[in-house]
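A.B. asks: fold the following for me, if possible:
(one chain, ligands or ions: 1)
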Amino acid sequence: MDILLERKSVRKYTDDPVKDEDLQYILRAAMSAPTACNRRPFEFIVVKDKETHKKIAQIHEAAQMILGAPAAVIVVGDADKVYENYLPQDCAAVTQNALLAATAKGYGSVWCGIYGNDKRMDAFKKLFNLPKNIKPFSLIVIGKSADNNPPKNGWQPEKIKYEKWQ
Ligand SMILES: Cc1cc2nc3c(=O)[nH]c(=O)nc-3n(C[C@H](O)[C@H](O)[C@H](O)COP(=O)(O)O)c2cc1C
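C.D. replies: Residues are numbered from 1 along each chain as shown. Model (predicted):
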């Protein structure tokens, strides 16, 4: 439970690298997410190259934090493998698992949205030479946190209804 409450979006990082074994743990956790009919339509592109980080910053205006980060993972979904229209739900579960795993391993991370923004999706497709069936879903930026702000308090009991809407 602590990990769930500790996770926050981190947009400032130290120069420390993300260890390969930690990255593998994060990807293993991501791959453990539930997917509709267990189709597992996800794939991942790990990006550590600084030049590519610069190119990502040029096509994603809300992902400038990548310029100071050691690593990023792009979650993509295969439209030929997915069950019905569940690609965004599947990839969202995958993305959230990765964020929580990063927190568990002592890293900061942030989910930068791609899917749902046609312009961004096209730009990522081009930059990473994605085939037609591979849909870019999210960009996860990861690194040791240089942000001391506490996580937000997400608890809002008024959001809970019991039995009926009212
Ligand atoms: C679908 C989605 C897209 C997001 N896109 C971005 C983004 O492009 N850039 C960014 O800095 N944060 C992005 N975020 C992170 C949210 O801004 C963040 O989760 C929210 O403000 C709550 O803060 P917290 O994660 O610290 O609890 C995104 C989050 C989600 C779920």
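A.B. asks: drop to CA atoms for contacts and neighbour counts, all remaining ones
C.D. replies: OK.
A.B. asks: show me what residue 111 is bridged to.
C.D. replies: Beta-bridge partners of residue 111, counted by DSSP bridges, are residue 140.
A.B. asks: so how far is the ligand from it?
C.D. replies: Distance, residue 111 to the ligand, using Cα to the nearest ligand atom, to the nearest Å: 5 Å.
A.B. asks: quick check: bridge partners of residue 71?
C.D. replies: Applying DSSP bridges, one finds that residue 71 bridges with residue 142.
A.B. asks: okay, it: pLDDT?
C.D. replies: Residue 71 is assigned 98 on the pLDDT scale.
A.B. asks: renumber starting at 19 from here on
C.D. replies: Let's use 19 as the start, then, which means that last one is residue 89.
A.B. asks: surely it meets residue 70?
C.D. replies: No: look at residue 89 against residue 70 with Cα atoms under 8 Å: they stay out of range, at 10.6 Å.
A.B. asks: what about the strands in the protein?
C.D. replies: 60-65, 89-96, 126-131, 152-161 (DSSP state E).
A.B. asks: quick check: angle from the first one to strand 89-96?
C.D. replies: Pointing back at strand 60-65 there. Between strand 60-65 and strand 89-96, the angle comes out at 150 degrees (axes from the mean of the first three to the mean of the last three Cα atoms, to 10 degrees).
A.B. asks: picking that back up, more crowded one of residue 89 and residue 70?
C.D. replies: residue 89 (22 against 15; other Cα atoms under 10 Å).
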